[in-house]
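Colleague: here is a sequence together with a model predicted from it:
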Amino acid sequence: MKGSRVCVYIASSLDGFIAGPDDDLSWLTEAEPEAAASFGEDDSVDGALSYEEFMAGIGALLMGRRTYDALLGFGVPWPYGERPVLVATSRPLDADPVKTVRRVEGSIDELIELAQEAATGGDVYLDGGTLIRQAAEADLIDDLTITIAPIAIGAGSPLFAGLTNRYPLEIVSHHSFPGGMVQVRVRPRRVRARG
């Protein structure tokens, strides 16, 4: 039985980092405040995939521990509603008021399978550099939406750097936002058949 799709929706600096040193995300607003303000809006660019449209198809999230901890550190209301959120970590999670979050362990194949089960027919939102790279190497990602900010930050958490194999992709679409950000949607050119 084929599982739900595994999708990535992420922002990256021009030099390929998804976070700066110490998980710093301030570069997103430094790159172009106007661009950051319009990022993800439904009406920002015709044909671009808004965050709201992307999330409408998501049944569950699978994220790394650093991504989860960074999200909690923002001090914002929980953004994922009642969707199940699986956090890949070998360490216990601190007591958390979010009842939809659970800790998971295993190989990337096992983690994706758990997330697909939790998604109950919806897609899986894969978040976190390490998990994205692992899933890319295992050819488990179906769709990537990468919004590139017009800034180079020089160091931090890479999106793809560290892959041990080449990862062939095809560009499905690209859109420029008014403030300078560029959204690129890509799909892997399949190395092996999935089913």
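Modeller: Looks like it arrived, so ask away.
Colleague: now tell me which helix or strand of this protein has the poorest mean pLDDT.
Modeller: helix 33-38 (a mean of 49; mean pLDDT, DSSP states H and E).
Colleague: report the buried residues of the following helix or strand past it.
Modeller: The C-terminal neighbour of helix 33-38 among helices and strands, as given by DSSP states H and E, is helix 51-56. Neighbour-count burial for helix 51-56 flags Phe54, Met55 (criterion: 16 or more other CB atoms under 10 Å). Any C-beta I mention is one placed from the backbone N, CA and C, and that applies to glycine too.
Colleague: next structured bit after helix 51-56?
Modeller: Next in sequence after helix 51-56, counting helices and strands by DSSP H and E, comes strand 58-64.
Colleague: summarise which helices and strands that following strand is packed against.
Modeller: strand 85-88, helix 108-119, strand 123-127, helix 129-137 (3 or more CB pairs under 8 Å, 6 or more residues apart in numbering; DSSP states H and E).
Colleague: quick one: low-confidence ranges for this protein?
Modeller: Confidence mapping of the chain against pLDDT under 70 gives the ranges 1-3, 31-46, 95-97, 191-195.
Colleague: list the contacts of the residue nearest to the spatial centre of it.
Modeller: The chain has Asp127 as the residue nearest its centroid, 3.4 Å off, counting by CA atoms, centre = their mean. By CB atoms under 8 Å, 6 or more residues apart in numbering, Asp127 lies in contact with Val8, Tyr9, Ile10, Leu61, Leu62, Met63, Gly64, Thr67.
Colleague: determine which two of the residues you listed are furthest apart.
Modeller: Farthest apart among the contacts of Asp127 by CB to CB are Tyr9 and Gly64. That separation is 15.0 Å.
Colleague: please, which helix or strand holds Asp69?
Modeller: helix 65-73.
Colleague: from Leu169, how far out is Ser4?
Modeller: Ser4 sits 21 Å away from Leu169 when distances are taken as CB to CB, to the nearest Å.
Colleague: and these two? Which one has more around it.
Modeller: Ranked by neighbour count (other CB atoms under 10 Å), Ser4 and Leu169 place Ser4 first, with 21 against 16.
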